[in-house]
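> Could you look at this predicted model? Sequence included:
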Amino acid sequence: MPENPVHYFKTEEQLPTSIDVAIIGAGLGSLSAAAILAKKGLNVAILEQNYLPGGCTSSYLRKGYIFETGATTLVGLDEGMPLKAVMDIADIQFKAEKLKIPMLVHLKNGQIITRYQDRNQWIAEAERVFGSSGQKEFWEQCFQLSDFVWNTSVKQKKFPPQNFSDLLYCAYKSSPSDLLNARFAFKSTFHLLKNHGLHENPQFVDFVNEQLKITAQNNVYEVNALFGATALCYTNYGNYYVHGGLIQLVKAFTDNIAINGGKLFLKTTVNQIDKTRNSWKLTTNKGDIIAKNIISGIPVNNLARLIDEALLPAFLQKKTMPVNKLNGAVQLGIAFKSSDVNEVLHHQIHHDLALGFKGSNSIFISYASAKDNKRAEEGITVASVSTHVSDLENSMIDKELFKEKVIEKLQSVGLLKKEDIAYTHVSDPHDWQDWTLREAGFVGGYPQFKSVLPWQMIPARISKSLYACGDSIYPGQGIPGVALSGMLAAERLLSDFN
Ligand SMILES: Cc1cc2nc3c(=O)[nH]c(=O)nc-3n(C[C@H](O)[C@H](O)[C@H](O)COP(=O)(O)OP(=O)(O)OC[C@H]3O[C@@H](n4cnc5c(N)ncnc54)[C@H](O)[C@@H]3O)c2cc1C
């Protein structure tokens, strides 16, 4: 029987008056930084406005079912990947089930593509669906670039470089072949397709665009080839399922942080940040706290509202993306009788439905495992269906229309039977804004734009003693991305602190 996640977390009541590091927000970025710093012996306080930690990677109880707040797919637990690296440094023990098939993609023409993890199997599948010309060469190049990105991400602790000494460090950690790979940051993913003659295959371009939308938040023309290749190979690394929902991953982090003396304060909203002579003063609804250092785990759009503009470096204002460049999401939570649940948990379904708002041309459904009795009573399964919303300021979401059209579509591709549905609810950008306070309810992180090269993204050090992590900071969106950003913020702070 599902248990209410509120019981997993012990919130401290009395704010300390002073602390080494105040961490704003308890998203996965913040928790990664907090876990490393607490393990290294720093006095850490995490201030989270919600009644549960995790932000967009969390789970909540509704009508007896456990639903995910955002993220449903989990990558990053393989050796050498950032999430695993953070967990190794902090000694976080965690078990997740590796998925046999990471994802199915349902094209508009009814064809179904199996996103095998095995690279050769995947190439054969891509050739079956899109024709053999250029596929093998394209995917081999993507694998090579993607491996390069993952291999360098954890060792490049001072990326993006902020001064000459960072640059020297980055150069010292690089090999000549790294530079050859790095040049793909200047090319678009479209260029990669063109290299292999795939840009004139409309079905393949559509496929790539929808896959990029969920992993890099943009399209073949905007996502650079380096990040594009990494995003496209998402399913070629270990994809994992967490029994009980991703809140269990969050719990593994908060338990570890507590063991190492870190403190979590829930329902504690940071409303203002001021500079004192040698420290920072954070004003919260539970009182003030003086911190030698701050790590902000909230989007920089939100951070800018808490702090006097004069205390922030000019680069931050320049690099903060306006809401009209960001995406939100609409999500349908469903509980249904699990008589014949699809064995593959994640499906992307391409469509041409008129949903009444601008976004993507696909929906993404993630089922809980049918064996997972921590998320619903026996015989019932839960699922989340989500899609993008662009033009956040002008989009009005008709939740009923969205629900109706999505259920019809799922039924038409054989992924759900209307008569099995026991419960539904729909969340839109206003709900995410309530849950996380994120500006205009934008989620999924900063989209990739070709005008922003990886080394031009917002670095983890905002200024001395003020650091940032999360999905508006390099390297951007997704659990592996924010885990890396948290690790980089912690490393920067440690090297300045010592
Ligand atoms: C629908 C959806 C589907 C997604 N799917 C996937 C997926 O399948 N796989 C994947 O890897 N990623 C996915 N993502 C992206 C991923 O969830 C996020 O990129 C990641 O969780 C963001 O983490 P974060 O640490 O940047 O911030 P957040 O999760 O936003 O955490 C920030 C925290 O700060 C708190 N906070 C905000 N303001 C304050 C304040 N003033 N004081 C105190 N606390 C504050 C918030 O309550 C929140 O808990 C998805 C996101 C969504 C929305």
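Nice, thanks for sending it over.

> Count the residues that sit near residue 464.
Look at residue 464: counted by other C-beta atoms under 10 Å, it has 10 neighbours. From N, CA and C alone the C-beta is placed, and that goes for glycine too.

> Equivalent analysis for residue 180, please.
Other residues close to residue 180 by other C-beta under 10 Å number 10.

> Quickly find the element holding it.
Secondary structure assigned from DSSP states H and E places residue 180 in helix 176-182.

> can you check residue 447 too?
Here residue 447, judged by DSSP H and E, is contained in no helix and no strand.

> any idea how far it is from residue 210?
Going from residue 447 to residue 210 by C-beta to C-beta, to the nearest Å gives 14 Å.

> Next: residue 432.
Distance from residue 432 to residue 210, counting by C-beta to C-beta: 21 Å.

> try residue 442
Distance from residue 442 to residue 210, by C-beta to C-beta: 20 Å.

> Please apply the same query to residue 490.
According to C-beta to C-beta, residue 490 and residue 210 sit 35 Å apart.

> neighbour-wise, which of those two wins?
Applying other C-beta under 10 Å to residue 490 and residue 210 shows that residue 490 carries more neighbours, namely 31 against 21.

> Next up, the contacts around the more buried one.
Each residue near residue 490 by C-beta atoms under 8 Å, 6 or more residues apart in numbering is listed here: 32-33, 36-37, 40, 295.

> Excluding covalently adjacent residues, which one is nearest to it?
What sits nearest to residue 490 in space, not counting adjacent residues and going by C-beta to C-beta, 6 or more residues apart in numbering, is residue 36, at 3.9 Å.

> Residue numbers of the chain in contact with the ligand?
24-30, 47-50, 55-57, 70-73, 269-270, 297-298, 302, 329, 331, 386, 436-438, 443-445, 470-471, 477-479, 482 (C-beta under 6 Å from any ligand atom).

> Mind checking which of the residues you listed land in strands?
Cross-referencing these against strands under DSSP state E gives 24, 47, 270, 329, 331, 386.

> and the residues you listed as JSON lines, adding distance to residue 156 and pLDDT?
As requested, these are exported to JSON lines (distance: C-beta to C-beta, whole Å; pLDDT from 0 to 100):
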{"residue": "24", "distance to residue 156": "25", "pLDDT": "98"}
{"residue": "47", "distance to residue 156": "29", "pLDDT": "98"}
{"residue": "270", "distance to residue 156": "30", "pLDDT": "98"}
{"residue": "329", "distance to residue 156": "30", "pLDDT": "96"}
{"residue": "331", "distance to residue 156": "34", "pLDDT": "97"}
{"residue": "386", "distance to residue 156": "32", "pLDDT": "97"}
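
> how about the residues you listed in TSV, adding distance to residue 369 and neighbour count?
Below are those laid out as TSV (distance: C-beta to C-beta, whole Å; neighbours: other C-beta atoms under 10 Å):
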residue	distance to residue 369	neighbour count
24	34	28
47	34	28
270	37	25
329	23	22
331	19	24
386	18	24
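
> Let me see the ranges of the strands in the stretch 151-300 of the chain.
239-241, 263-265, 270-275, 280-284, 287-296 (DSSP state E, counting those that start in this stretch).

> any chance of these in TSV, plus distance to residue 351?
What follows is those, written out as TSV (distance: least, C-beta to C-beta, whole Å):
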stretch	distance to residue 351
strand 239-241	23
strand 263-265	41
strand 270-275	40
strand 280-284	44
strand 287-296	37
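
> Skip the chain neighbours and tell me the closest residue to residue 291.
For residue 291, ignoring the flanking residues on the chain, the nearest one in space by C-beta to C-beta, 6+ apart is residue 22 at 3.6 Å.

> Domain parsing of this structure, as residue ranges.
5-58+78-92+242-321+446-497, 131-236 (automatic domain parsing).

> most tightly surrounded among these?
Comparing the domains of the chain by mean neighbour count (mean count of other C-beta atoms under 10 Å), domain 5-58+78-92+242-321+446-497 ranks first with a mean of 21.

> Low-confidence stretches in the protein?
Applying pLDDT under 70 to the chain flags the ranges 340, 498.

> which stretches of the stretch 101-250 of the chain form helices?
Using DSSP state H, counting those that start in this stretch, the helices of the stretch 101-250 of the chain run over 119-130, 135-155, 164-172, 176-182, 189-195, 202-216, 225-232, 247-259.

> now the stretch 301-450 of the chain
For the stretch 301-450 of the chain, applying DSSP H, counting those that start in this stretch gives helices covering 314-319, 399-412, 429-436.

> just the ones you listed: most buried one?
Mean neighbour counts for these (mean count of other C-beta under 10 Å) peak at helix 429-436, with a mean of 19.

> Just the C-alpha atoms of that helix, please, in PDB.
Below are the C-alpha coordinates for helix 429-436, written out as PDB (Å, rounded to 0.1, in the frame of the first residue of the first chain):
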ATOM      1  CA  PRO A 429       2.500  25.500 -15.600                       C
ATOM      2  CA  HIS A 430       0.600  27.200 -12.800                       C
ATOM      3  CA  ASP A 431       0.700  24.000 -10.800                       C
ATOM      4  CA  TRP A 432       4.500  23.800 -11.300                       C
ATOM      5  CA  GLN A 433       4.900  27.400 -10.300                       C
ATOM      6  CA  ASP A 434       3.000  26.600  -7.000                       C
ATOM      7  CA  TRP A 435       5.000  23.400  -6.400                       C
ATOM      8  CA  THR A 436       8.500  24.900  -7.100                       C
END
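
> start at 46 instead
From this message on, residue numbering opens at 46, which makes the last subject helix 474-481.

> What strands line up against the helix or strand following it, and which way round?
Using DSSP H and E, the helix or strand that follows helix 474-481 in sequence is strand 506-508. Paired with strand 506-508 in the same sheet, following DSSP bridges, are strand 511-513 (antiparallel).

> Output stretch 154-174 as CSV, restricted to C-alpha atoms.
C-alpha atoms of stretch 154-174 as CSV (Å, rounded to 0.1, in the frame of the first residue of the first chain):
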residue,chain,number,x,y,z
ASN,A,154,2.1,6.4,-39.3
GLY,A,155,1.6,3.8,-36.7
GLN,A,156,5.2,2.4,-36.8
ILE,A,157,6.8,1.6,-33.5
ILE,A,158,10.5,2.0,-32.9
THR,A,159,12.2,0.2,-30.1
ARG,A,160,15.0,2.3,-28.5
TYR,A,161,17.3,-0.6,-27.6
GLN,A,162,20.1,0.3,-25.2
ASP,A,163,22.5,-2.1,-27.1
ARG,A,164,24.2,0.1,-29.7
ASN,A,165,24.3,-2.5,-32.5
GLN,A,166,20.7,-3.5,-31.9
TRP,A,167,19.7,0.1,-32.0
ILE,A,168,21.5,0.8,-35.3
ALA,A,169,19.7,-2.2,-36.8
GLU,A,170,16.4,-0.9,-35.6
ALA,A,171,17.1,2.6,-36.9
GLU,A,172,18.0,1.1,-40.3
ARG,A,173,14.8,-1.0,-40.3
VAL,A,174,12.6,2.0,-39.8
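
> Any idea how far that stretch is from the middle of the chain?
Distance, stretch centre to chain centre, for stretch 154-174: 25 Å (C-alpha atoms, centre = their mean, to the nearest Å).

> That's all I had, so thanks and see you.
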